[in-house]
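>>> next one to model:
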Amino acid sequence: ANPGAGGAGGGGAGGNYGGPVAQPGSFGGGGGGAAYSYGYGANGGFGGGGGGGANAPNNQSGGSGGFGGGAGCALPCTTARGGGGAAMGGAIFVQQGGNLLLGGGDILGNTVAGGTGNQPGQAYGSGLFLQGDGSLYFAPGSGDTQTIANAIADEKGVVAGASGSWSIVKGNLGTTILTG
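Numbering: from 1, shown residues only. Reported below is the predicted structural model:
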């Protein structure tokens, strides 16, 4: 039998008994799981959970979660469960290298919840999540009020030692209210 294949931006390929090993996930994807009773789970990509390891009789470990993702099963791996994926940016996720201009409109009422699994994924930024470096511009028009009532999180703010720096820039004559 052939292992499952991971799609672009998705999970890694699963393992195959006596064949190829599980493959890591790409950006946002979980690691591939081991074959039923043989092999180790692969690591998750950014935000992805680790793949589940083989269960009895070999009980091999699962992969590590990517940034914010939960780890796959630990030894002894009796459940073969992968880790839960991270949830980031309930309204907007800005990837490394991007900038965001919010010329109006409100951000409110959004939530994030990490995925379930052997170890659950983390949840960051119910309103916005900002990865890496960039600039966030608030620019409501004259006489307009813009409300951001959900949390804004960035990579450096949620993980000690993470790199990156975001700047917040206020433009135009309108009002921006941050309450999240």
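>>> how far off centre is the worst-scoring helix or strand of the chain on mean pLDDT?
Every helix and strand of the chain was ranked by mean pLDDT, DSSP states H and E. The lowest is helix 155-158, at a mean of 91. Relative to the mean C-alpha coordinate of its chain, helix 155-158 is positioned 13 Å out (C-alpha atoms, centre = their mean, to the nearest Å).
>>> immediately after it, which helix or strand?
Toward the C-terminus, helix 155-158 is succeeded by strand 166-170 as the next helix or strand (DSSP states H and E).
>>> buried residues in that next one?
By neighbour count on 16 or more other C-beta atoms under 10 Å, the buried set for strand 166-170 is residue 166. Every residue, glycine included, has its C-beta placed from N, CA and C.
>>> export only the CA atoms of that strand, formatted as CSV.
Extracted in CSV, the C-alpha atoms of strand 166-170 (Å, rounded to 0.1, in the frame of the first residue of the first chain):
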residue,chain,number,x,y,z
TRP,A,166,5.2,44.5,14.1
SER,A,167,4.5,48.3,14.1
ILE,A,168,1.1,49.8,14.5
VAL,A,169,0.5,53.0,12.4
LYS,A,170,-2.6,55.2,12.8
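>>> ok, that strand: who's next to it in the sheet?
Next to strand 166-170 in the sheet, as set by DSSP bridges, lie strand 134-138 (parallel).
>>> tell me which element residue 74 falls in.
Following DSSP H and E, there is no helix or strand that holds residue 74.
>>> hmm, it is touching residue 81, no?
No. Using C-beta atoms under 8 Å, residue 74 is not in contact with residue 81, being 10.2 Å away.
>>> between these two, which has more neighbouring residues?
The neighbour count for residue 74 versus residue 81, taken as other C-beta atoms under 10 Å, is higher for residue 81 (23 against 15).
>>> for the more buried one, give me the pLDDT.
Note for residue 81: predicted pLDDT of 80.
>>> so what's it up against?
Counting by C-beta atoms under 8 Å, 6 or more residues apart in numbering, residue 81 makes contact with 52, 62, 72-73, 117-118.
>>> could those residues go into a markdown table alongside pLDDT?
Compiled in a markdown table, the contacts of residue 81 are given as follows (pLDDT from 0 to 100):
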| residue | pLDDT |
| --- | --- |
| 52 | 82 |
| 62 | 82 |
| 72 | 86 |
| 73 | 82 |
| 117 | 86 |
| 118 | 87 |
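>>> about what we covered before: what is in contact with residue 74 and residue 81 at once?
Listed as contacting both residue 74 and residue 81 by C-beta under 8 Å, 6+ apart are 62, 118.
>>> pick out the residue nearest the middle of this protein.
Residue closest to the average C-alpha location in the chain (C-alpha atoms, centre = their mean): residue 47, at 2.4 Å.
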